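Undergrad: this one's sequence-less:
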């Protein structure tokens, strides 16, 4: 008689200090230069694709915010505002683009630039925010891959194949 639900012997993921020690450098590199964390762990194809998407979105965003300005007023990128949680949350999402966020916030953000926003500027800001949010998601994925938690996101049949060593 066979067991319908076999007990899986999957590798245990890293926990606590071991996980932090293994993941801090790739995660920091991923935030500094999107794609660098994947490159460091050996996933060069994924790193190249993600870096290309990040560059494309940042360039498109910058162009749309620069040339979509009305009467020379640029705007669109969220910056933290004390006492207002929504722009601060948007700024946190956009900050996922890494240190480049400082340049974007200086050029296209701030209280003096926000009153006039055209649809083109909104699209530009959205491109930049999506690039930032995508990088934050890549950081979560990178954490899962480094610590070994990615196995538990797979379908049950794929977990069985890994447990059997196929």
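TA: Okay, I see it. This one's a predicted model, so the numbers in the text were calculated from it and none came from an experiment.
Undergrad: could you use CA atoms for every contact and neighbour count after this?
TA: Fine.
Undergrad: tell me the contacts of residue 48?
TA: Contacts for residue 48 (C-alpha atoms under 8 Å, 6 or more residues apart in numbering) come out as residue 35.
Undergrad: over to residue 80?
TA: 87, 88, 89, 90, 91, 92.
Undergrad: rounded mean pLDDT for the helix ranked longest in the chain, please.
TA: With secondary structure taken from DSSP state H, the chain has its longest helix at helix 119-147. Mean pLDDT, computed over helix 119-147, is 88.
Undergrad: picking that back up, out of the contacts of residue 80, who's the most crowded?
TA: residue 91 (21 neighbours; other C-alpha atoms under 10 Å).
Undergrad: so it, which of the three states?
TA: Taking DSSP: H, G, I helix; E, B strand; the rest coil as the rule, one finds residue 91 in the helix state.
Undergrad: surely it and residue 79 touch.
TA: Yes: Residue 91 lies in contact with residue 79 (C-alpha atoms under 8 Å); the separation is 4.9 Å.
Undergrad: wait, residue 143 sits on residue 23?
TA: Yes: taking contacts as C-alpha under 8 Å, residue 143 lies within contact range of residue 23: 6.3 Å.
Undergrad: quick check: the gap between the nearest residue to residue 19 once chain neighbours are set aside and residue 18.
TA: Leaving aside its sequence neighbours, residue 19 sits nearest to residue 147 (C-alpha to C-alpha, 6 or more residues apart in numbering; 5.7 Å). Residue 147 sits 8 Å away from residue 18, going by C-alpha to C-alpha, to the nearest Å.
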